[in-house]
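Participant: Okay, sequence plus prediction incoming.
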Amino acid sequence: MQKISVRSALSADQVGNQVKLEGWVRTRRDSKAGFSFIELNDGSCMGNIQVVADGALTNYESEVKKLSAGCSVRILGEIVASQGKGQTTEIQASEVHVYGWADPESYPLQKKRHSMEKLREWAHLRPRTNTFGAVFRVRNCVSRSIHNFFQERGFLYVHTPIITASDCEGAGEMFKVTTLDLDAPPKTGGKVDYTQDFFERPSYLTVSGQLEGEIFATALGNVYTFGPTFRAENSNTSRHLAEFWMVEPEMAFVDLEGNMQVAEDFIKRIISDVMRDCGDDLQFFNDRIDDTVLATLTAMADGEFLRVSYTDAIDILLKSGRKFDYKVEWGTDLQSEHERFLTEVHFKRPVILHDYPRTIKPFYMRCNDDGKTVRAMDVLAPKVGEIIGGSQREERLDVLEQRMQEQGLNPADYWWYVELRKYGTIPHSGFGLGLERILQFITGMGNIRDVIPFPRTPGSADF
RNA sequence: UCCCCUGUAGCUCAGCUGGUAGAGCGAGCGGCUGUUAACCGCUAUGUCGUAGGUUCGAGUCCUACCGGGGGAGCCA
C-alpha cells in the first residue's frame, strides 16, 4: 500500500486510492453511533486529514477510543470524498496502528492556544503546533528560494569558515574558540599564552563570511555564502540572536546600483516563492499572527523599492515635525525610532537607504568623491528594521589602507584582504541578509526566537 | 548592559486597603451528535519563582537572587 502525505491525501484526485498515512493525532471526536473521527497531521502541510475509524476495527475499544493529542499512528485505508462539511476528502480506516502513546495528563500541548513564551520552553514539541509547523515550512521555502535565486543567476555557493583567527570588522563581540584549560590557562608575562592554544593564536566564531567571500568574488565572479553566524553581544531584544543564519552574496564588477538591484530582486523572489508555495501557511499567519502580512507581501512583490539617500532621509526626518527621543542630525546613525518613522509612517513600505556618512560605516565600504559619504545601503522593513546591510567595497589600495588607519586598524592584520586590491583589483559589491529577520517580516512573528528552531540568546542555550 | 512590567492549578489568568486560594480552558468520567475550536453534566488538581525580612498573621508589604516579557543600545 502506497505511503502518501497528508498534503496529498487532502487532494480530491486521491479519492478511491488505498493508501498508508503516518503522523500524529491532533484530536479525536467520538460518535456514539460507534465510530470516531481522528484529526491526523504529519507536518506536510497546515491541514489535518480526518480519519474515520469504524467501531468494527479490532482495536477500536482497546486503542482507538484512547487516542489523544500527540499519539503517533499509522493509518491504512481508502481515501473517500467526505460526507461532512469542512473537508473534501477523508480516509476510511481499515487499520489504525498505534506507534506511541502520549499521556493526555502530562502531554504539554493542549487543544488550545499556548503563549509563544511557553512554547519556547517546549522547543522539542513546538514544531508539532500549527504556528511552528508553518514557520518552519516557510523557513525551508525561503532557504530553497535563496539557493535557487543565486544558482539560477550563476552565483557560486562558497563555504566560508566558521572558525576565524581574524578579529575582523571591529564589529561586535565575538565568541572565543579555545581548547585551553580555562581554570588554569598557560601564561607568559601575566597574559594568556595563546601560542599554546589549538590554533596557536586567539581564534573566534565568525561574525561574517564577507571578507572571505571577497576572496572568491575576485577570482570566480559572483558568489554567495549561506550559513550560521555568531555574535556574542549581550543584546536582549526580539530582533537579536547569538547564533543566526546569514546570506552574503559578493559580486564582481558590480557597483552600488547593481547591488541594490540584486537585493531588491532577491527579496521579491523570496516573497513570491513563499506566496506560491506556502499559501496556506501565509493565510494562517495573516489570520492568527498579523493581519497585515498578506497585503504587505503582495504589495512588495509587485511594487518598486524606494531608494532614498541617507542625506534625503535626514531631511525627511527633520521636516517631519516629529519629536524624536534621539536628535536627528547628519552624521549620526539613524535610531530605531527614525527607521520606524520612515518605513511605518512616512513611506509605509520597505525602503533602501544609501550613501551613509563615512564616519559611521566600516573601513571596507567604498568612499564617495564628496569625501563625506560611503557607498553603503540598508534595506529597512516596517517593524523588523534592517533586513539587509551592504555596500560597494573599497577597491582602491591607497584609500583602503587610509580608511583602516582612520578606524585604528592595522592593515598588516588584514594583509590578505589588502592584497586583493594590490593584485588585479576590481569594483565589487555585496550585502548580508539576516534569514531570521526576513522570516519575521514574512510571517509576522514578533520575536526572532520563534523563527529559528533552537534559539541561542544570552543565558539561554537549551535543547 | 540600562529602563519598565511580570512570575498563583497542566495552560491563560483573577485574588480590593495583609486574615490562610478561585475561574475559564485543558484533563478524567458520564451523556449526546457524520463529528470538526463540537456540545451538556459531574470530578480532581496548587510547598502562590527561590531565599530572607516586617507582622499575631504574607499570594498580598520590604530586600536580594533567579526566570520570562516589552523597550533602548548594538546589529542581521
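Facilitator: Received it, and whenever you're ready, just let me know what you need. Residues are numbered from 1 along each chain as shown, chains lettered A, B, ... in the order given.

Participant: count of residues packed around A:Ser448?
Facilitator: If you look again at residue A:448, you'll see it is Ile, not Ser. 21 (other C-beta atoms under 10 Å). (C-beta placed from N, C-alpha, C; glycine too.)

Participant: how near is it to RNA strand B?
Facilitator: Counting by C-beta to the nearest atom of the strand, to the nearest Å, the gap from A:Ile448 to RNA strand B is 6 Å.

Participant: what's that residue in contact with, if anything?
Facilitator: A:238-241, A:244, A:436-437, A:440, A:455 (C-beta atoms under 8 Å, 6 or more residues apart in numbering).

Participant: Which members of the residues you listed are classed as buried?
Facilitator: The neighbour count (16 or more other C-beta atoms under 10 Å) marks A:239-241, A:244, A:436-437, A:440, A:455 as buried among the contacts of A:Ile448.

Participant: Where does the residue of chain A found nearest RNA strand B sit: helix, strand or coil?
Facilitator: Here the residue of chain A nearest RNA strand B is A:Gly84; by C-beta to the nearest atom of the strand that distance is 2.2 Å. On the three-state scheme (DSSP: H, G, I helix; E, B strand; the rest coil), A:Gly84 is labelled coil.

Participant: re the thing from before, list the ones among the buried ones among the contacts of A:Ile448 that fall in helices.
Facilitator: Judged by DSSP state H, the subset of these located in helices is A:436-437, A:440.

Participant: tell me the phi and psi of the residue of chain A closest to RNA strand B?
Facilitator: Torsion angles at A:Gly84 (phi, psi; degrees, to the nearest 10) stand at phi -90, psi 180.

Participant: Any regions of chain A where pLDDT drops low?
Facilitator: Residue ranges of chain A with pLDDT under 70: A:167-172.

Participant: quick revisit: check the buried ones among the contacts of A:Ile448 against RNA strand B, which are close?
Facilitator: Contacts with RNA strand B within the buried ones among the contacts of A:Ile448, as defined by C-beta under 7 Å from any atom of the strand: A:239-241, A:244, A:436-437.

Participant: just these now: which is nearest A:Ala184?
Facilitator: Using C-beta to C-beta, A:Leu241 comes nearest to A:Ala184 of those, at 32.4 Å.

Participant: Tally up the residues packed near the residue lying closest to A:Phe35 once chain neighbours are set aside, please.
Facilitator: Spatial nearest neighbour of A:Phe35, chain neighbours left out: A:Asp54 (4.7 Å); criterion: C-beta to C-beta, 6 or more residues apart in numbering. The local packing of A:Asp54 (other C-beta under 10 Å) involves 16 other residues.

Participant: Return the residues in contact with A:Thr178.
Facilitator: Going by C-beta under 8 Å, 6+ apart, A:Thr178 touches A:197-198, A:202-203.

Participant: Then A:Leu439?
Facilitator: A:Leu439 neighbours (C-beta under 8 Å, 6+ apart): A:135, A:138-139, A:142, A:445, A:451.

Participant: Mind checking which of these are in strands?
Facilitator: Residues of these located in strands (DSSP state E): none.

Participant: List the ones among those that fall in helices.
Facilitator: Per DSSP H, helices hold the following members of these: A:135, A:138-139, A:142.

Participant: Any of these buried? List them.
Facilitator: For the ones in helices among the contacts of A:Leu439, a burial check counting by 16+ other C-beta under 10 Å picks out A:135, A:138-139, A:142.

Participant: how about the strands in the stretch 1-150 of chain A?
Facilitator: Assigned by DSSP state E, counting those that start in this stretch, the stretch 1-150 of chain A shows strands spanning A:2-3, A:18-31, A:35-41, A:49-54, A:72-81, A:89-100.
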